[in-house]
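**Student:** Could you work out the structure for the sequence below:
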Amino acid sequence: MCTGASSQLKTSLQETKLVQKASEVCHTINPSNWYSSIQNHISNNSPKQALLIYTQNRHNPLCILSIAPLILKACASLSMIYYGKAMHAGSIKGGVASDVVVGTSTVSMYGKCGYVVSARQVFDEMPVKNVVTWNAMVSVYMRYGATETALRLFETMSDRTAVSWNEMIAGFAKTGDTKMARCIFDQVPLILKNVVTWSVMVDGYASNGEMKAAKEMFEAMPERSFYVWSSMVSGYLKKGDVEEGRAVFDRMKVRNLVNWNSLISGYCQNGLCSEALDAFSKMQSDGFEPDEVSFASALSACAQLGSLETGKQLHNMIIQRGIRLNQFILNGLVDMYAKCGDLTNARLIFDELEIEKNDSCWNAMISGFSMHGYCREALEFFNKMEKSSVNPNEITFLSVLSACAHAGFVQDGLETFKKMEKYDLLANVKHYGCLVDLLGRAGRLEDAYRIVTKMPMRPNDMIWGALLGACRVHSDINMAKRVLERIKLQDDGCDSSCYVLMSNIYAASERWEKAESLRIVMSNRRVRKIVGHSSVTLNNT
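**Tutor:** Reported below is the predicted structural model:
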């Protein structure tokens, strides 16, 4: 089945489930209050509940003019195009499709669901448009990178607000064209250039890693918002410049939860997980209650550290504080338990997920099984994932190939590698590394060497090391010599592990002179052996 058809089937099934569930809820809602209930759910970011209430009460004689924009917004939020089309048809039948608010909501709904042509058709057919309508259409084009079309539309606007200019700046920055974004920023009328406009431009630079330009504009701002402070912190941390990111954070005289979340997630991205958990605690000491984003980052830190006890404490906090269990929180819990080795709890949460599982959730379980030696279970989960509505990605295949390599499932590994073509995925150097490791462990050194020499990319030290390691295990000195000769042909040579492995191979065969000569070569070339280290946790320390 093609990707488009699969996506449509998936959406249709979601909406069918929604309609089926509608009959089980909302019976206690007073018909006179259902409009208010829908409005409250939209405001509280619960669009699914809003649609459930509407489905149960859609025959209520309440004027469709007032309800249509809310339902269209809910459909856009959930990307439920079929439900949105039904609402559009209902508004035409009810004679309110020509209303500017309903029409604008319809344009936005089609755009957010990916139906750009339909959005433009509704836009063109609207008898009356206001600046919000024009902004909505420009936003649709910018969302999908149609910057030239958006610019032409923008230039024909008779009236522009600050939102109009901000949409254009953010849209160009999102495509990486910060030069054009800056050009538009410089054209914004002074009366419309507010703190949001400045913040959008700074964020555009920061999101594209242009921190020098971001800093210059940040320092020139007449006033700064919480948002722009977070953009600067996130921008530096995303580039790995932790010191600058922390320095910007420390400059804030007043902070909000978003600023703290930027710091915590940035620490996690840079592998500074202890610092992330310390910041998580300090945030609470400063009087801020963690939200879904805070907990998702903290769970990620626990997963990377392998800190099961701290992860369990976070899980209890989530339950006690009634934190909404969204996709990020549930993925974080599954990932944390899986990486920490508590596969029973990981599986329990995974099986009880009421929301649809995404590829990150499946990957967390598969990689958890793989890294803890449950290789057969990893393969079984991979097969289940293939039968679900979620397609595996590059990370999935990496976990499965790793499981096959460690368990010696040669045939399963080779078949899995071939399946990447089925999902239009290109194998990268890590996938080839797993394949070489798989064949090397099984003693198929010729096959492994052939794959290395025919790889579409340059073999790295990890791949050469895996092949030399296999030569050592199987005491194949001749193949080891061929590998070493091949390594020498590479301009950059290899790291210390290749030389150490080769030296150990000679030592194992009692060819001490050869082993010593390699050590001398390492010394002459100033190749330093990387010192290994391990860490253990005792009493949560």
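
**Student:** going forward, measure contacts and count neighbours with C-alpha atoms only.
**Tutor:** OK.

**Student:** show me the contacts for Ala68.
**Tutor:** By CA atoms under 8 Å, 6 or more residues apart in numbering, Ala68 lies in contact with 87, 91, 102.

**Student:** ditto for Ala338
**Tutor:** 346, 364-365, 367-369.

**Student:** Generate a markdown table for those residues, with secondary structure and distance to Trp464 as supplementary columns.
**Tutor:** Conversion of the contacts of Ala338 to a markdown table gives the following (DSSP: H, G, I helix; E, B strand; the rest coil; distance: CA to CA, whole Å):
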| residue | secondary structure | distance to Trp464 |
| --- | --- | --- |
| Ala346 | helix | 35 |
| Ala364 | helix | 28 |
| Met365 | helix | 29 |
| Ser367 | helix | 24 |
| Gly368 | helix | 26 |
| Phe369 | helix | 27 |
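
**Student:** List just the nearest of the residues you listed to Trp229.
**Tutor:** For those, the minimum distance to Trp229 (CA to CA) is 32.3 Å, reached by Ala364.

**Student:** Let me see the confidence value for the closest one.
**Tutor:** In this model, Ala364 is scored at 94, pLDDT.

**Student:** now do Met462
**Tutor:** 80.

**Student:** returning to what we had before: tell me which two in the contacts of Ala338 are the farthest apart.
**Tutor:** Farthest pair in these, by CA to CA: Ala346 and Ser367, 11.6 Å.

**Student:** Going by neighbour count, which of the contacts of Ala338 are buried?
**Tutor:** Neighbour counting with 16 or more other CA atoms under 10 Å marks 346, 364-365, 367-369 as buried within those.

**Student:** Out of these, the closest to Tyr83 would be?
**Tutor:** Ala364 (32.1 Å).

**Student:** List the buried residues of stretch 423-441.
**Tutor:** Buried, per 16+ other CA under 10 Å, within stretch 423-441: 427, 429-441.

**Student:** coming back round to it: for the buried ones among the contacts of Ala338, please prepare JSON lines with the additional fields distance to Ala150.
**Tutor:** What follows is those, written out as JSON lines (distance: CA to CA, whole Å):
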{"residue": "Ala346", "distance to Ala150": "46"}
{"residue": "Ala364", "distance to Ala150": "39"}
{"residue": "Met365", "distance to Ala150": "42"}
{"residue": "Ser367", "distance to Ala150": "42"}
{"residue": "Gly368", "distance to Ala150": "45"}
{"residue": "Phe369", "distance to Ala150": "47"}
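
**Student:** of these, closest to Leu401?
**Tutor:** Nearest to Leu401 among the buried ones among the contacts of Ala338 is Ser367, at 10.2 Å by CA to CA.

**Student:** ok, the closest one - contacts?
**Tutor:** With CA under 8 Å, 6+ apart, Ser367 has these contacts: 338-339, 378, 396, 399-400.

**Student:** With the flanking residues excluded, which residue is spatially nearest to Ser77?
**Tutor:** Excluding its sequence neighbours, the residue lying closest to Ser77 (CA to CA, 6 or more residues apart in numbering) is Pro47, at 6.9 Å.

**Student:** wait, the one you found sits on Ala74?
**Tutor:** Yes: with contacts counted by CA atoms under 8 Å, Pro47 reaches Ala74, the gap being 4.7 Å.

**Student:** These two - which one has more neighbours?
**Tutor:** When Pro47 is set against Ala74 and neighbours are counted by other CA atoms under 10 Å, the residue ahead is Ala74, at 25 against 22.

**Student:** ok, the more buried one to Asp278 distance?
**Tutor:** 38 Å (CA to CA, to the nearest Å).

**Student:** domain assignment for the chain?
**Tutor:** Listed domain ranges for the chain are 1-140, 160-253, 255-355 (source: automatic domain parsing).

**Student:** What's the end-to-end length of the shortest one?
**Tutor:** Okay, so that is domain 160-253. Terminal-residue distance, domain 160-253 (CA to CA): 35 Å.

**Student:** Over to the last one?
**Tutor:** One end of domain 255-355 to the other measures 33 Å (CA to CA).

**Student:** Give me the distance between that domain and the centre of its chain.
**Tutor:** 16 Å (CA atoms, centre = their mean, to the nearest Å).

**Student:** can you check stretch 168-185 too?
**Tutor:** Per CA atoms, centre = their mean, the centroid offset for stretch 168-185 relative to its chain is 23 Å.

**Student:** List the buried residues in that stretch.
**Tutor:** Quick answer for stretch 168-185 (16+ other CA under 10 Å): 168-178, 181-182, 184-185.

**Student:** Next: stretch 451-462.
**Tutor:** Residues of stretch 451-462 classed as buried: 451-452, 459-462 (neighbour count, 16+ other CA under 10 Å).

**Student:** out of the residues you listed, who's nearest Gly413?
**Tutor:** Proximity of the buried residues of stretch 451-462 to Gly413 (CA to CA) peaks at Ile451, which lies at 14.0 Å.

**Student:** how far is whichever helix or strand that closest one is part of from where the chain is centred?
**Tutor:** Assigned by DSSP states H and E, Ile451 belongs to helix 445-454. Relative to its chain's centre, helix 445-454 lies at 34 Å (CA atoms, centre = their mean).

**Student:** which other helices and strands contact it?
**Tutor:** helix 429-441, helix 461-473 (3 or more CA pairs under 8 Å, 6 or more residues apart in numbering; DSSP states H and E).

**Student:** what angle sits between it and helix 429-441?
**Tutor:** 160 degrees (axes from the mean of the first three to the mean of the last three CA atoms, to 10 degrees).

**Student:** Mind checking the pLDDT average for the strand or helix carrying Ser139?
**Tutor:** Using DSSP H and E, Ser139 maps to helix 131-143. Averaged across helix 131-143, the pLDDT comes to 96.

**Student:** Please enumerate residues in contact with it?
**Tutor:** 100, 103-104, 107-108, 111-112, 116, 119-120, 123, 147, 149-151, 153-154, 157, 159-161, 163-164, 167-168, 171-172.

**Student:** again, only this time at 6 Å
**Tutor:** With CA atoms under 6 Å, 6 or more residues apart in numbering as the test, helix 131-143 has contacts from 104, 108, 111, 150, 164, 171.

**Student:** Which ones among the residues you listed lie within helices?
**Tutor:** Secondary structure assignment by DSSP state H places 104, 108, 111, 150, 164, 171 of the contacts of helix 131-143 in helices.

**Student:** what distance separates the helix holding Ser139 from the middle of the whole chain?
**Tutor:** Relative to the centre of its chain, helix 131-143 is centred 26 Å away, using CA atoms, centre = their mean.

**Student:** Can you report how many residues lie near Val163?
**Tutor:** For Val163, the count of nearby residues is 16 (other CA under 10 Å).

**Student:** Can you tell me the closest non-neighbouring residue to it?
**Tutor:** Asn135 (7.3 Å).

**Student:** Tell me how many other residues crowd the one you found.
**Tutor:** Asn135 has 24 neighbouring residues, counting by other CA under 10 Å.

**Student:** Equivalent analysis for Ser274, please.
**Tutor:** When neighbours are counted by other CA under 10 Å, Ser274 registers 16.

**Student:** so which strand or helix has the nearest residue to it once chain neighbours are set aside?
**Tutor:** Nearest residue to Ser274, sequence neighbours excluded (CA to CA, 6+ apart): Ala301, at 7.3 Å. In the assignment (DSSP H and E), Ala301 maps to helix 292-305.

**Student:** Can you tell me which helices and strands that helix packs against?
**Tutor:** helix 257-269, helix 327-339 (3 or more CA pairs under 6 Å, 6 or more residues apart in numbering; DSSP states H and E).

**Student:** Let me know the angle separating the last one from helix 292-305.
**Tutor:** Orientation note: helix 327-339 sits at an angle of 20 degrees relative to helix 292-305 (the same axes, to 10 degrees).

**Student:** in stretch 142-162, what's buried?
**Tutor:** 142-143, 146-147, 150, 154, 160.

**Student:** ditto for stretch 339-348
**Tutor:** Buried residues in stretch 339-348, counted by 16+ other CA under 10 Å: 339-341, 343, 346.
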